[in-house]
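A.B. asks: The following comprises the amino acid sequence and a computationally predicted model.
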Amino acid sequence: ACANALARAKQHYRGSTEFHHAELSLKETQRRNLLSDLRLALTQQQMTVVYQPQFSLPDQQVTGVEALVRWQHPTKGAIPPDEFIPLAEEYGLSAEITEQVIQRCTQELAESGLLGHAIPRVSINISAVEFNSPPLFERLTHMLNQSPRLSPYLQIEITETATLANLQHSADAINRLHRSGIQFSIDDFGTGYTSLTMLKDLPVNEIKIDRSFTRDMMNQSQVAAIVTAIISMARAFDLTVVAEGIEQQDQLTLLTDMHCDEVQGYFMATPMPITELIEFIGQTA
Ligand code: C2E
Ligand code: CA
Ligand code: CA
Ligand code: CA
């Protein structure tokens, strides 16, 4: 009976690993297909950009917009950035994406005449790999120098992992761009490992409190205490603090009471194409 059980176990084990292999290769095939589609999309300039307004508290004036990339796949429909950005990073395509985002922002926002006026600034997201790779960073600097209609109003959002991966190199890179007038924001603040020392050493203008905190602060008093602490720390470092992912009035009320500087989220405005943004700004003005 014992030998039988062993044989069965072996059988089962073999079956499950085979199944596992089949599943892996299916995933791998899907990944390769998505990668080749992504390459094609980039050569055909299929990437578009949507803009999500940010607002000051308590008066709720538009302080800027965050540019978010969008990919409408010809057959699969919209592919979320969380799916294709990591792929782009892994295969060295993130600079390409940044380039197209900068191009769109230049064409659409600079063209609108609102930038620097009704829309004081625009934030773009930059991948960690672009900061930590010298050739990619050179390319980014070059791109920004070629965009004089955009760069004076530009803020770069960089995630905590990016600043941490290679702090010395990132600090040099950030300092160089900062000297040319570009502002910096630490995205998803609280989810990584940014220390107070790092914030002191980097020419950062802003931190963005991650959506998980603005969500959980509503029913966890400890999380609310963390948000309060981040806000007062930001104040001590003379940083603007933006709370992300505001979906309800009670979050907005609490953040106003906490003296948070700015807010962004579906409750105030969702990310929208340029035509809608122009309309939206027209209504709020
Ligand atoms: P992120 O930089 O943290 O961007 C905020 C994400 O939250 C966006 O998702 C935005 O649409 C969404 N969001 C805004 N308000 C709310 C809200 O009230 N509730 C909820 N649940 N979500 C909200 P999106 O556009 O899908 O982007 C996801 C991530 O992909 C971004 O996170 C960013 O890390 C990355 N990403 C987006 N665009 C770019 C880009 O142009 N370049 C790079 N390198 N990464 C990008
Ligand atoms: Ca961001
Ligand atoms: Ca974020
Ligand atoms: Ca993020």
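C.D. replies: Yep, that arrived. Numbers count the residues shown, from 1 in each chain. Ligands and ions are numbered 1, 2, ... in the order given.

A.B. asks: Tell me, what's the model's pLDDT at the spatially closest residue to Leu114 that is not a sequence neighbour?
C.D. replies: Distance criterion Cβ to Cβ, 6 or more residues apart in numbering; nearest residue to Leu114, sequence neighbours excluded, is Ile281 at 5.9 Å. (Each C-beta comes from the backbone N, C-alpha and C, glycine too.) pLDDT for Ile281: 96.

A.B. asks: So what's the residue count around Ile281?
C.D. replies: Ile281 has 18 neighbours, counted by other Cβ atoms under 10 Å.

A.B. asks: Is the helix or strand containing it in proximity to ligand 1?
C.D. replies: Using DSSP states H and E, Ile281 sits in helix 274-284. No. For helix 274-284, no contact with ligand 1 is found by Cβ under 6 Å from any ligand atom; the gap never falls below 13.8 Å.

A.B. asks: Against which helices or strands is that helix packed?
C.D. replies: Applying 3 or more Cβ pairs under 8 Å, 6 or more residues apart in numbering; DSSP states H and E, we find helix 274-284 packed against strand 47-56, strand 62-73, helix 111-112.

A.B. asks: Tabulate the ones you listed (CSV), appending mean neighbour count and distance to ligand 3.
C.D. replies: CSV is the format used below for the helices and strands packed on helix 274-284 (neighbours: other Cβ atoms under 10 Å; distance: least, Cβ to the ion, whole Å):
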stretch, mean neighbour count, distance to ligand 3
strand 47-56, 21, 11
strand 62-73, 20, 9
helix 111-112, 14, 24
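
A.B. asks: Can I get those in a markdown table including distance to Leu26?
C.D. replies: What follows is these, written out as a markdown table (distance: least, Cβ to Cβ, whole Å):
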| stretch | distance to Leu26 |
| --- | --- |
| strand 47-56 | 27 |
| strand 62-73 | 19 |
| helix 111-112 | 44 |
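
A.B. asks: Lovely, talk soon.
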